[in-house]
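> Sequence plus predicted model, see below.
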Amino acid sequence: MEEKISVLKIFRYDPMKDEKPRFDTFKVPYSEGDRILDLLLYIQENVDPTLAFRWSCNVDSCMVCYIDANGKLVRPCNTQAEENMTLKPRRKCRVVRDLVVDVKLA
């Protein structure tokens, strides 16, 4: 499969350290069939280990990984990666850090 580059603009915020949220941009290799979760894991393992996001089952059943991707509520474990994506925390939830939210407020 041909490897492409995905440009991910990812919401970053740690309320314990940051005055306000920001977006960091990452260029990540991806292939047809890669999921958003695969790209997030790549960033965490190879580029920025401080990136915070939730995932558990990796098979689309636990529903803890919901995020906003290009304006849509999606599960990264079953949503295909695209060439250009903006990733934000789930709406209407208190941000714990980066893409991690307090789901009790959802």
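All right, it came through fine.

> Helices of this structure, start to end?
Here the chain has its helices, by DSSP state H, at 36-46.

> for it, what are the low-confidence residue spans?
1, 57-63, 105-106 (pLDDT under 70).

> one more time with 90
The model of the chain has pLDDT under 90 over residues 1-3, 55-65, 92-93, 103-106.

> Strands of that one, start to end?
For the chain, applying DSSP state E gives strands covering 3-12, 22-31, 67-69, 72-74, 84-88, 94-97, 100-102.

> Dump those to JSON lines, plus mean neighbour count and distance to Arg54.
Where C-beta positions appear, they are placed from N, C-alpha and C, glycine not excepted. Shown next, in JSON lines, are the strands of the chain (neighbours: other Cβ atoms under 10 Å; distance: least, Cβ to Cβ, whole Å):
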{"stretch": "strand 3-12", "mean neighbour count": "16", "distance to Arg54": "14"}
{"stretch": "strand 22-31", "mean neighbour count": "14", "distance to Arg54": "18"}
{"stretch": "strand 67-69", "mean neighbour count": "20", "distance to Arg54": "9"}
{"stretch": "strand 72-74", "mean neighbour count": "13", "distance to Arg54": "13"}
{"stretch": "strand 84-88", "mean neighbour count": "17", "distance to Arg54": "13"}
{"stretch": "strand 94-97", "mean neighbour count": "16", "distance to Arg54": "9"}
{"stretch": "strand 100-102", "mean neighbour count": "17", "distance to Arg54": "5"}
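
> quick one: contacts for Val95?
Neighbour list for Val95: Tyr13, Pro15, Pro21, Pro89, Val101, Asp102 [criterion: Cβ atoms under 8 Å, 6 or more residues apart in numbering].

> Give me the nearest residue to the third one, chain neighbours excluded.
Which is Pro21. Leaving out its chain neighbours, the residue that sits closest to Pro21 by Cβ to Cβ, 6 or more residues apart in numbering is Tyr13, at 3.9 Å.
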